[in-house]
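Colleague: Give me coordinates for this.
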Amino acid sequence: MEAAISEAKNKKALWTIYLITRWYVWCAEAFPEIGFDIDYAHELDGLIIPGSPKGEAVRVNDPDDGPLDRTVELPLLLRALSEDTCQDYESIEQRAALALCIAFGRNPACFAYLEANDIRNVADGLANVPPAYMIDLPRIKKRQLHPRDEIRTEPMEHRLAKYVVDLKKQCMSEVVTVATFDGPTNVSFQPLFRHPRGRTLLVHDDVVDRAARVQSGRISALVQSFAQRNRVVSPLTHEIMRVTPRRLRYTLACGLVEEGISRKELARLLDHSDTQHVRVYFDLKSNVVRRLDAAAAKSFAPLMSFFRGTVIDPETGNDSTNASEIAYADPSEPGTLSQVGLCGQKKLCHLDPPFSCYLCEKFRPYRTVDHERVLTSMLSERERVLEKLDDQRLGVQLDDVIFAVAEVCRIVEEARD
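Modeller: Okay, the predicted model is just below:
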């Protein structure tokens, strides 16, 4: 194995040994008793193997292996994450694995070595202070004796950190036991991710620490299983979205580049030792965000399904005594207001009407209103902010509303036809 790795390095073709390293890791996981070294398998598991050729999936924007489209794919994945309510243990693990990959884009071996106490709320106990999460991420480096020898602490936004906290709550009360040749051994730490059915194969005492943890392939399996279980269909391929830690790494990097991050900072966030590995993301900077027009928005809208309300006739709305009308002011005609629909929300609403109303299930847009004007206005605003480098994220945030308005336009058009 070492000879094959050395030869591949000399030929600058390290990707050629990917399959054989995965085979060894699998054998060490399944058959350690016949001579496969689990300690060496973990070393191989942390080996960073580039694609072939380097960055090609990013460079050609491969629909299966390249970065997720930030306009039509990533929003679907994030929505599925926020709406998934399954409480079985594996579903909780899937959400945590996906949240970590989206937030940090690290080598999945990094997440395999996480422990329950690595994430914490540093604002805990402070009155009137929202949660502020920090997480200790193991650095997977070749010359380390153990992947946790070096830790890098990073902030994690609450909307993603909460899924990791949910998993922490589930695993804290369970004792992890490893079967050794000298009998069952309880480990002194709480790995965040567990083996699906526990480890039943016997191992030697000196590898108990590694045997208690999952391999990086488990993290990859959890991420893809989430997309399959929630049937997250890509609007680009019309198939279940292929979600991998590597694709989410590409997605994170491309998004940060579009927002203006420096090469040095991106290399640090992705845990690279230098900036040469991030060059490909900067080469493709102008192609990160998809351009949208009305036709494209209407084409993708049914697959995105961001509109949750019900299109009604104005006469139907007249019968609603508790509903209030939503007005729209056309920027091209200052001072003019038109009623675009009804709000069925009876409680205090914190949305920003009229645009964000299209995302609300309580909104009932009128069938007879020209929603095309709203769509045109939103698309123009998106183009305006995308022209400014500092507003890239804001431009992408408008996409959910754009797709919702486009879906209403489609519904109205189909009714007329």
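
Colleague: Please count neighbours and contacts with C-alpha atoms only from this point.
Modeller: OK.

Colleague: which secondary element of this structure has the worst mean pLDDT?
Modeller: Sorting the helices and strands of the chain by mean pLDDT, DSSP states H and E puts helix 392-397 at the bottom, at a mean of 52.

Colleague: Output the very next helix or strand once past that helix as PDB - backbone C-alpha positions only.
Modeller: Moving toward the C-terminus from helix 392-397, the next helix or strand (DSSP states H and E) is helix 399-416. Output of helix 399-416 as PDB, limited to C-alpha atoms (Å, rounded to 0.1, in the frame of the first residue of the first chain):
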ATOM      1  CA  ASP A 399     -34.300  33.800  -5.200                       C
ATOM      2  CA  ASP A 400     -36.800  32.000  -2.900                       C
ATOM      3  CA  VAL A 401     -39.200  34.900  -3.300                       C
ATOM      4  CA  ILE A 402     -38.600  35.100  -7.100                       C
ATOM      5  CA  PHE A 403     -39.400  31.400  -7.500                       C
ATOM      6  CA  ALA A 404     -42.600  31.700  -5.400                       C
ATOM      7  CA  VAL A 405     -43.800  34.700  -7.400                       C
ATOM      8  CA  ALA A 406     -42.900  32.800 -10.700                       C
ATOM      9  CA  GLU A 407     -45.000  29.900  -9.500                       C
ATOM     10  CA  VAL A 408     -48.000  32.100  -8.900                       C
ATOM     11  CA  CYS A 409     -47.500  33.500 -12.400                       C
ATOM     12  CA  ARG A 410     -47.500  30.000 -13.800                       C
ATOM     13  CA  ILE A 411     -50.700  29.100 -11.900                       C
ATOM     14  CA  VAL A 412     -52.500  32.200 -13.200                       C
ATOM     15  CA  GLU A 413     -51.300  31.500 -16.800                       C
ATOM     16  CA  GLU A 414     -52.500  27.900 -16.700                       C
ATOM     17  CA  ALA A 415     -55.900  28.900 -15.400                       C
ATOM     18  CA  ARG A 416     -56.300  31.400 -18.200                       C
END
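
Colleague: Would you mind listing the residues in contact with residue 252?
Modeller: 102-105 (Cα atoms under 8 Å, 6 or more residues apart in numbering).

Colleague: can you pull out the strands in the stretch 151-300 of the chain?
Modeller: 151-156, 177-180, 183-186 (DSSP state E, counting those that start in this stretch).

Colleague: re the thing from before, closest to residue 222 out of the contacts of residue 252?
Modeller: residue 102 (13.2 Å; Cα to Cα).

Colleague: so how far is residue 379 from the closest residue to residue 412 other than its chain neighbours?
Modeller: What sits nearest to residue 412 in space, not counting adjacent residues and going by Cα to Cα, 6 or more residues apart in numbering, is residue 367, at 5.8 Å. Per Cα to Cα, to the nearest Å, residue 367 is found 21 Å from residue 379.

Colleague: before we move on, what about residue 119?
Modeller: For residue 119, the distance to residue 379 - Cα to Cα - is 40 Å.

Colleague: Any stretches of the stretch 301-417 of the chain with poor pLDDT?
Modeller: 316-323, 348, 350, 388-397, 417 (pLDDT under 70).

Colleague: residue ranges of the strands in it, please?
Modeller: So, for the stretch 301-417 of the chain - with DSSP E, counting those that start in this stretch - the strands run 324-329, 337-343, 363-365.

Colleague: and these, which is most packed in?
Modeller: Each of the strands of the stretch 301-417 of the chain was scored by mean neighbour count; the highest is strand 363-365, a mean of 26, by mean count of other Cα atoms under 10 Å.

Colleague: So what touches that strand?
Modeller: Residues contacting strand 363-365 (Cα under 8 Å, 6+ apart): 308-312, 340-345, 357-358, 408.

Colleague: Can you tell me the strand partners of it and which way each runs?
Modeller: strand 337-343 (antiparallel) (DSSP bridges).

Colleague: what residues does the strand it pairs with touch?
Modeller: Contacts of strand 337-343 (Cα under 8 Å, 6+ apart): 314, 317, 323-330, 357, 362-366, 369, 371.

Colleague: do the same with stretch 29-49
Modeller: 14-15, 18, 21-22, 24-25, 27-28, 107, 109-110, 140-142, 201-203, 207, 210-211, 215-216.

Colleague: Apply the buried test to these and list what passes.
Modeller: When those are checked for burial by 16 or more other Cα atoms under 10 Å, the buried set is 14-15, 18, 21, 24-25, 27-28, 107, 109-110, 140-141, 202-203, 210-211, 215-216.

Colleague: Separate out the buried members of the contacts of strand 363-365.
Modeller: Using 16+ other Cα under 10 Å, the buried members of the contacts of strand 363-365 are 308-312, 340-344, 357-358, 408.

Colleague: Farthest-apart pair in these, please.
Modeller: Going by Cα to Cα, the pair spanning the buried ones among the contacts of strand 363-365 furthest: 344 and 408, at 16.9 Å.

Colleague: do you know how far the residue nearest to residue 256 when sequence neighbours are not counted is from residue 297?
Modeller: Nearest residue to residue 256, sequence neighbours excluded (Cα to Cα, 6+ apart): residue 266, at 7.5 Å. Separation of residue 266 from residue 297 (Cα to Cα) stands at 31 Å.

Colleague: ditto for residue 179
Modeller: Using Cα to Cα, which is the criterion applied here, residue 179 is 55 Å from residue 297.

Colleague: Which of the two has more residues huddled nearby?
Modeller: Using other Cα atoms under 10 Å, the more surrounded residue of residue 179 and residue 297 is residue 297, with 23 against 20.

Colleague: still on that earlier bit, give the contact list for the residue nearest to residue 256.
Modeller: 253, 256-257, 278.
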